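K.L.:
generate coordinates for the sequence data below:
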Amino acid sequence: MRLGVVGGGAWGTALAQIGAAGGPVTLWARSAEVAAAINADHANPAYLPGVTLSSAIEATSDAAALSACDAWLLVTPAQHLRDVMAGLPVGATPLILCAKGIEAGSRLLMSELAAELRPGAPIAVLSGPTFAHEVAAGLPTAITLACADEALGARLAGRLARPAFRPYRSDDVLGAEIGGAVKNVLAIACGVVAGRGLGQNAAAALIARGFAEMVRFGTARGARAETLSGLSGLGDLVLTCS
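P.N.:
The predicted model follows:
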């Protein structure tokens, strides 16, 4: 399975590095300079300095090159996903959504946005406690891969799995997305607590009560509480808030 990674930032490059350990990867970067550096020097100093990248990564700034891929990891920021998807090759290539957020204005989750733009494409979500530089360095990482199609989810998880990168499969796409979106808001609040010197008691209270609100919001939207208690909810919340 040839993977296409859409987004040449730190997280996109780290995921390309993970994918390249199991086969060829096409990495699309908006910047031609970033793509050229990856191909010539096997490095992305602009976004992931100090990491030597696999020669199995073929970088490009031409989205047409993604048509040769069997699945795409969409790693562009949530507020840019709509514009980026509009420029991708037409088809029903499986989409692995890696952006965490809710689109401003429409209030759509990324899976809802992707379903609107590519109604025939299977959708999965990759979300969890993942700092890009640690993933790229090969440090132990566990993450949720949520997909309603069990067979496709198993194929994607198997393609991405490495000794130090463990995808845990789920069929709760909504839960994985809501955990990733809500934890970002709570992490900003934790930054305010730290910036104002309000102390560790306040930070712990914010994480705990914020998690309770995440679960209430998620279950009201149809997510499962156990998903929000896992890697893509509580796990990601603890990492980002800490």
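
K.L.:
what are the boundaries of the helices in this protein?
P.N.:
Chain-ordered helices for the chain, with DSSP state H as the definition, fall at 10-20, 32-41, 81-86, 110-117, 132-136, 150-160, 173-195, 200-221, 225-228, 236-241.

K.L.:
winner for burial among the ones you listed?
P.N.:
helix 10-20 (a mean of 26; mean count of other Cβ atoms under 10 Å). Every C-beta, even on glycine, is put in place using the N, C-alpha and C of the backbone.

K.L.:
which residues are in contact with it?
P.N.:
Residues outside helix 10-20 that contact it (Cβ atoms under 8 Å, 6 or more residues apart in numbering) are 3, 5-6, 25, 27, 29, 38, 44, 47-48, 51, 53-54, 56-57, 73, 75-76, 98, 126, 130, 132-133, 135-136, 159-160, 162, 165.

K.L.:
then stretch 201-221?
P.N.:
174-175, 178-179, 182-183, 186, 189-190, 193-194, 224-225, 227-229, 233-234, 237-238, 241.

K.L.:
tell me the domain ranges of this protein?
P.N.:
As assigned by automatic domain parsing, the chain contains the domains 3-171, 174-241.

K.L.:
just give me the residue closest to the centre of this structure.
P.N.:
Cys98 (2.2 Å; Cα atoms, centre = their mean).

K.L.:
make a PyMOL selection of the buried ones in the contacts of helix 10-20.
P.N.:
Buried subset of these, written as a PyMOL selection, criterion 16 or more other Cβ atoms under 10 Å:
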select buried, resi 3+5+6+25+27+29+38+44+47+48+51+53+57+73+75+76+98+126+130+132+133+135+136+159+160+165
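
K.L.:
take the contacts of helix 10-20 and keep only those in strands.
P.N.:
Among the contacts of helix 10-20, DSSP state E puts 3, 5-6, 25, 27, 57, 73, 126, 165 in strands.

K.L.:
just send those residues back as a markdown table, with distance to Thr141 too.
P.N.:
Output for those, formatted as a markdown table (distance: Cβ to Cβ, whole Å):
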| residue | distance to Thr141 |
| --- | --- |
| Leu3 | 17 |
| Val5 | 17 |
| Val6 | 21 |
| Val25 | 18 |
| Leu27 | 19 |
| Ile57 | 19 |
| Leu73 | 15 |
| Leu126 | 11 |
| Phe165 | 5 |
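
K.L.:
check what pLDDT Ala151 gets.
P.N.:
pLDDT recorded at Ala151 is 97.

K.L.:
Gly23 touches Gly4, doesn't it?
P.N.:
No - in this structure, Gly23 is not within contact of Gly4 by Cβ atoms under 8 Å, at 11.8 Å.

K.L.:
more neighbours, the two?
P.N.:
Neighbours were counted for Gly23 and for Gly4 using other Cβ atoms under 10 Å; Gly4 has more, 28 against 12.

K.L.:
from Leu139, how far out is the more buried one?
P.N.:
25 Å (Cβ to Cβ, to the nearest Å).

K.L.:
please apply the same query to Gly153.
P.N.:
Remark: distance between Gly153 and Leu139 (Cβ to Cβ) = 24 Å.

K.L.:
ok, Ala16 next?
P.N.:
17 Å.

K.L.:
cool, and Arg2?
P.N.:
In terms of Cβ to Cβ, Arg2 sits 26 Å off from Leu139.

K.L.:
the two - which one has more neighbours?
P.N.:
Between Arg2 and Leu139, counted using other Cβ under 10 Å, Arg2 has the larger neighbour count: 15 against 11.
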